[in-house]
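Q: give the three-dimensional model of this entry:
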Amino acid sequence: MPALAEMQRYTDSQTWYVVFTPCLGNHWWKYLLHPKFQHVHMIRENRGDCLMVNSFAHCMAVREYPNSVFDIIQQELTQSPTAILQFTVHYGSHYRPFPVEIHSCVTVCKRLLGLRNRILTPKSLYHEMILAGAMVVKPYCVL
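A: Residues are numbered from 1 along each chain as shown. Modelled structure (predicted):
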């Protein structure tokens, strides 16, 4: 295994689709969060297929689907998500270590997106992504 100094730096860019949803389970922490922003998961294209990263309290699921990312987004839209944002990350500029944080769906997403601010909830992640220039695929609408 090469030493850290010898490892190749990532210089590519990846576009992620971030899906915000209410919580499906009956967890104690859902009462501390906004009713429409209780969970977040991510989707990106992977060589014509679709890669989904979904972090839970007990595990992190990473799955590859044989569908295109646009087919998966259309399926997500039928489930009435709170919002969907598109964000492109340029990994060449993200080489400072992140602070130690508790594992959650939000911390996994913000690390994959290279967002460094103290973000604790899905709704604060939504607002931070908007400020960072994310494109809105499905906006959050207050009815």
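
Q: Thr15: what's it in contact with?
A: Thr15 sits next to Arg44, Glu45, Gln86, Phe87, Thr88, Val89 when contact means Cβ atoms under 8 Å, 6 or more residues apart in numbering. Any C-beta I mention is one placed from the backbone N, CA and C, and that applies to glycine too.

Q: now the buried members of the residues you listed.
A: Neighbour-count burial (16 or more other Cβ atoms under 10 Å) is assigned, among these, to Arg44, Glu45, Gln86, Phe87, Val89.

Q: out of the residues you listed, which comes closest to Ala134?
A: Closest approach between the buried ones among the contacts of Thr15 and Ala134, by Cβ to Cβ: Phe87, at 4.4 Å.

Q: low-confidence bits of the protein, can you list those?
A: Scanning the chain with the threshold set as pLDDT under 70 gives 1-9, 27-28, 93-95, 142-143.

Q: just the helices from it, written as ranges.
A: Using DSSP state H, the helices of the chain run over residues 69-78, 105-113, 122-131.

Q: list the buried ones in the second one?
A: For helix 105-113, the buried set under the neighbour-count rule, 16+ other Cβ under 10 Å, comprises Cys105, Val106, Thr107, Val108, Cys109, Lys110, Leu112, Leu113.

Q: quick one: the strands in this protein?
A: 13-21, 39-46, 49-55, 60-65, 83-90, 135-138 (DSSP state E).

Q: quick one: which of those strands is nearest Thr121?
A: Among the strands of the chain, strand 39-46 comes nearest to Thr121, with 9.4 Å by Cβ to Cβ.

Q: parallel or antiparallel, list what pairs with that closest one.
A: Strand pairing for strand 39-46, using DSSP bridges, gives strand 13-21 (antiparallel), strand 49-55 (antiparallel).

Q: restrict that strand to CA atoms and write it as PDB.
A: Presented in PDB, the C-alpha positions along strand 39-46 are these (Å, rounded to 0.1, in the frame of the first residue of the first chain):
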ATOM      1  CA  HIS A  39     -33.400  12.300   5.600                       C
ATOM      2  CA  VAL A  40     -31.100  12.800   2.700                       C
ATOM      3  CA  HIS A  41     -29.500  10.500   0.200                       C
ATOM      4  CA  MET A  42     -27.400  10.900  -3.000                       C
ATOM      5  CA  ILE A  43     -27.400   9.700  -6.600                       C
ATOM      6  CA  ARG A  44     -24.900  10.000  -9.400                       C
ATOM      7  CA  GLU A  45     -24.200   8.600 -12.800                       C
ATOM      8  CA  ASN A  46     -21.600   5.800 -12.900                       C
END
